[in-house]
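Enquirer: The following block contains a protein sequence and its predicted model.
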Amino acid sequence: MLEQDQIEALMAYDSEQRFDYLISRVVEIGEIWILTDDHGSVMLNTDDEDCVPIWPDRCFAERWATGEWSDCEPMAIPLKQWNFRWTPGLDEDELAVVVFPLPQDGEEDGLVVWPEELDMMLTKEVKRSNKR
(Lines give C-alpha, C1' and ligand atoms only; values in the text may rest on other atoms or scores of the structure.)
Protein backbone atom coordinates (compact mmCIF):
# COMPACT_ATOMS: atom_id res chain seq x y z
CA MET A 1 0.00 0.00 0.00
CA LEU A 2 1.36 3.38 -0.98
CA GLU A 3 1.59 6.23 1.51
CA GLN A 4 -0.08 9.56 0.69
CA ASP A 5 3.27 11.34 0.19
CA GLN A 6 4.34 8.62 -2.29
CA ILE A 7 1.07 9.02 -4.18
CA GLU A 8 1.49 12.79 -4.40
CA ALA A 9 5.11 12.45 -5.54
CA LEU A 10 4.12 9.98 -8.27
CA MET A 11 1.32 12.25 -9.46
CA ALA A 12 3.91 14.98 -9.99
CA TYR A 13 5.90 12.75 -12.36
CA ASP A 14 5.77 13.45 -16.09
CA SER A 15 4.31 10.83 -18.43
CA GLU A 16 7.71 9.19 -19.13
CA GLN A 17 8.49 8.86 -15.42
CA ARG A 18 5.02 7.43 -14.76
CA PHE A 19 5.53 4.92 -17.59
CA ASP A 20 8.84 3.78 -16.05
CA TYR A 21 7.23 3.57 -12.61
CA LEU A 22 4.32 1.52 -13.94
CA ILE A 23 6.68 -0.97 -15.58
CA SER A 24 8.68 -1.55 -12.39
CA ARG A 25 5.63 -1.52 -10.08
CA VAL A 26 3.59 -3.95 -12.20
CA VAL A 27 6.50 -6.39 -12.25
CA GLU A 28 6.96 -5.94 -8.48
CA ILE A 29 3.30 -6.56 -7.53
CA GLY A 30 2.35 -8.79 -10.48
CA GLU A 31 -0.79 -6.95 -11.59
CA ILE A 32 -2.09 -4.11 -13.74
CA TRP A 33 -5.13 -2.03 -12.76
CA ILE A 34 -7.93 -1.00 -15.11
CA LEU A 35 -11.36 0.54 -14.63
CA THR A 36 -14.49 -1.40 -15.55
CA ASP A 37 -18.16 -0.64 -15.82
CA ASP A 38 -21.21 -2.67 -16.84
CA HIS A 39 -19.88 -2.85 -20.40
CA GLY A 40 -16.33 -3.99 -19.60
CA SER A 41 -13.09 -2.07 -19.61
CA VAL A 42 -13.23 1.73 -19.71
CA MET A 43 -11.99 3.21 -22.98
CA LEU A 44 -10.46 6.60 -23.69
CA ASN A 45 -10.22 8.26 -27.09
CA THR A 46 -7.14 10.24 -28.07
CA ASP A 47 -6.84 12.18 -31.31
CA ASP A 48 -5.50 9.09 -33.05
CA GLU A 49 -6.34 5.98 -31.03
CA ASP A 50 -8.93 4.23 -28.91
CA CYS A 51 -7.16 3.24 -25.69
CA VAL A 52 -7.55 1.24 -22.52
CA PRO A 53 -6.16 3.21 -19.56
CA ILE A 54 -3.99 1.26 -17.11
CA TRP A 55 -2.53 2.11 -13.72
CA PRO A 56 0.15 0.63 -11.44
CA ASP A 57 -1.97 0.67 -8.27
CA ARG A 58 -5.62 0.63 -7.28
CA CYS A 59 -5.45 4.10 -5.74
CA PHE A 60 -4.63 5.75 -9.09
CA ALA A 61 -7.48 3.96 -10.89
CA GLU A 62 -9.82 5.06 -8.08
CA ARG A 63 -8.75 8.70 -8.51
CA TRP A 64 -9.90 8.52 -12.13
CA ALA A 65 -13.31 7.09 -11.15
CA THR A 66 -15.07 10.41 -10.57
CA GLY A 67 -17.66 12.45 -12.44
CA GLU A 68 -18.76 10.59 -15.57
CA TRP A 69 -16.55 7.68 -14.46
CA SER A 70 -17.99 7.45 -10.92
CA ASP A 71 -19.83 4.19 -11.63
CA CYS A 72 -16.55 2.49 -12.63
CA GLU A 73 -14.72 0.00 -10.44
CA PRO A 74 -10.97 -0.67 -10.33
CA MET A 75 -10.04 -4.20 -11.34
CA ALA A 76 -6.67 -5.92 -11.00
CA ILE A 77 -5.45 -8.09 -13.86
CA PRO A 78 -2.65 -10.54 -13.01
CA LEU A 79 0.43 -9.87 -15.12
CA LYS A 80 0.40 -13.34 -16.71
CA GLN A 81 -3.25 -12.90 -17.69
CA TRP A 82 -2.38 -9.48 -19.14
CA ASN A 83 0.46 -10.99 -21.19
CA PHE A 84 -1.42 -14.00 -22.51
CA ARG A 85 -4.99 -12.77 -22.82
CA TRP A 86 -5.15 -8.97 -22.84
CA THR A 87 -2.16 -8.15 -25.05
CA PRO A 88 -3.33 -10.37 -27.95
CA GLY A 89 -6.95 -9.26 -27.47
CA LEU A 90 -6.09 -5.57 -27.54
CA ASP A 91 -3.86 -6.09 -30.59
CA GLU A 92 -6.64 -7.96 -32.38
CA ASP A 93 -9.10 -5.15 -31.60
CA GLU A 94 -6.49 -2.56 -32.69
CA LEU A 95 -6.63 -0.84 -29.30
CA ALA A 96 -3.74 1.03 -27.73
CA VAL A 97 -2.97 1.43 -24.04
CA VAL A 98 -2.70 4.77 -22.24
CA VAL A 99 -0.23 4.30 -19.41
CA PHE A 100 -0.94 5.82 -15.97
CA PRO A 101 -3.04 8.82 -17.03
CA LEU A 102 -3.85 11.41 -14.40
CA PRO A 103 -7.17 13.23 -13.99
CA GLN A 104 -5.68 16.73 -14.25
CA ASP A 105 -8.06 19.34 -15.60
CA GLY A 106 -9.61 16.73 -17.86
CA GLU A 107 -6.32 16.00 -19.62
CA GLU A 108 -5.56 12.38 -20.38
CA ASP A 109 -1.80 12.80 -20.26
CA GLY A 110 -0.43 9.27 -20.14
CA LEU A 111 1.84 7.82 -22.79
CA VAL A 112 -0.03 5.95 -25.51
CA VAL A 113 1.66 2.69 -26.52
CA TRP A 114 0.69 -0.44 -28.41
CA PRO A 115 0.04 -3.53 -26.28
CA GLU A 116 3.00 -5.42 -27.79
CA GLU A 117 5.33 -2.55 -26.87
CA LEU A 118 4.06 -2.57 -23.28
CA ASP A 119 4.39 -6.35 -23.13
CA MET A 120 7.97 -6.12 -24.40
CA MET A 121 8.88 -3.56 -21.72
CA LEU A 122 7.26 -5.65 -18.98
CA THR A 123 9.08 -8.80 -20.14
CA LYS A 124 12.38 -6.93 -20.21
CA GLU A 125 11.78 -5.70 -16.63
CA VAL A 126 10.85 -9.22 -15.44
CA LYS A 127 14.15 -10.54 -16.84
CA ARG A 128 16.09 -7.65 -15.32
CA SER A 129 14.49 -8.09 -11.90
CA ASN A 130 15.15 -11.85 -11.96
CA LYS A 131 18.88 -11.19 -12.41
CA ARG A 132 19.10 -9.22 -9.16
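Expert: Now that the structure is in, tell me what you want to look at.
Enquirer: any weak-confidence spans in the protein?
Expert: 104-108 (pLDDT under 70).
Enquirer: ranges for the strands of it?
Expert: 31-37, 40-41, 44-45, 50-54, 73-78, 96-99, 103-104, 107-108, 111-113 (DSSP state E).
Enquirer: Please work out which of those strands is packed deepest.
Expert: Scoring those by mean neighbour count under mean count of other C-beta atoms under 10 Å gives strand 96-99 as the most buried, with a mean of 24. The C-beta positions use only the backbone N, C-alpha and C, and glycine is treated the same way.
Enquirer: can you put the strands of the chain in a markdown table and add distance to residue 129?
Expert: As requested, the strands of the chain are exported to a markdown table (distance: least, C-beta to C-beta, whole Å):
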| stretch | distance to residue 129 |
| --- | --- |
| strand 31-37 | 15 |
| strand 40-41 | 27 |
| strand 44-45 | 29 |
| strand 50-54 | 19 |
| strand 73-78 | 16 |
| strand 96-99 | 19 |
| strand 103-104 | 30 |
| strand 107-108 | 29 |
| strand 111-113 | 20 |
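Enquirer: Out of those strands, flag the one nearest residue 64.
Expert: strand 103-104 (5.2 Å; C-beta to C-beta).
Enquirer: Now the residue nearest the centre of the chain: closest residue in space, sequence neighbours ignored.
Expert: With distances taken as C-alpha atoms, centre = their mean, residue 54 lies nearest the centre of the chain, 1.9 Å away. With sequence-adjacent residues excluded and distances taken as C-beta to C-beta, 6 or more residues apart in numbering, residue 54 is closest to residue 32, at 5.1 Å.
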